[in-house]
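Engineer: Predicted model, plus sequence, below.
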Amino acid sequence: MAREQFQTLSEPMYYILLALVQECCGVDIMACVKEISQGRVIVGPGTLYAMLPKFEGSGIIRKTRQEGRQKWYVITEKGRWMLEEEYTRLSRMMEDGRNILRG
C-alpha cells in the first residue's frame, strides 16, 4: 500500500509550514526558516519552489495574493492540523528517545 503524501514531513517541509503560519512570499519564507531554525536549516529556492505547488495542490497552504511573479501564501486549517500532528509525532519520538537514552 502506498504511503500517503505528507504523512510525515521532512525538516525543510516542517519549517516551511511553520513560516507560513503568517502570510509570506517565497523570499520571506526562506528568511523565516533560517531565522526560526537559528541558521540550522537553509531552504533554497529549488526546494521551496518545488514544495509550494505540492502543498497548495494538497490544500495545505493557499495563495493569498500575487503581484507580478511574486506570490504570497499562508497555511490552511488542514495544513495547521498536519503541522500540529507532526509536532506531536516528533515530541513523542523525543520522549521515547529520552526514556531509552537517559534510563
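Structural biologist: Everything's here; your move. Residues are numbered from 1 along each chain as shown.
Engineer: now V74, what's its secondary structure?
Structural biologist: strand (DSSP: H, G, I helix; E, B strand; the rest coil).
Engineer: What of the one 4 residues further on?
Structural biologist: Three-state secondary structure (criterion: three-state DSSP) places K78 in helix.
Engineer: ok, it - how many residues close by?
Structural biologist: Neighbour count for K78, taken as other C-beta atoms under 10 Å: 13. No exception for glycine: its C-beta is placed from N, CA and C like everyone else's.
Engineer: Repeat that for R89.
Structural biologist: The number of residues near R89, taken as other C-beta under 10 Å, comes to 13.
Engineer: What of K34?
Structural biologist: Neighbours of K34 (other C-beta under 10 Å): 16.
Engineer: Report the contact partners of the closest residue to it other than its chain neighbours.
Structural biologist: Of all residues not flanking K34 in the chain, I42 sits nearest, at 6.0 Å (C-beta to C-beta, 6 or more residues apart in numbering). I42 makes contacts with 30, 33-34, as judged by C-beta atoms under 8 Å, 6 or more residues apart in numbering.
Engineer: Would you mind giving the residues you listed as CSV with distance to N99, secondary structure and pLDDT added?
Structural biologist: Output for these, formatted as CSV (distance: C-beta to C-beta, whole Å; DSSP: H, G, I helix; E, B strand; the rest coil; pLDDT from 0 to 100):
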residue, distance to N99, secondary structure, pLDDT
M30, 36, helix, 98
V33, 30, helix, 98
K34, 32, helix, 97
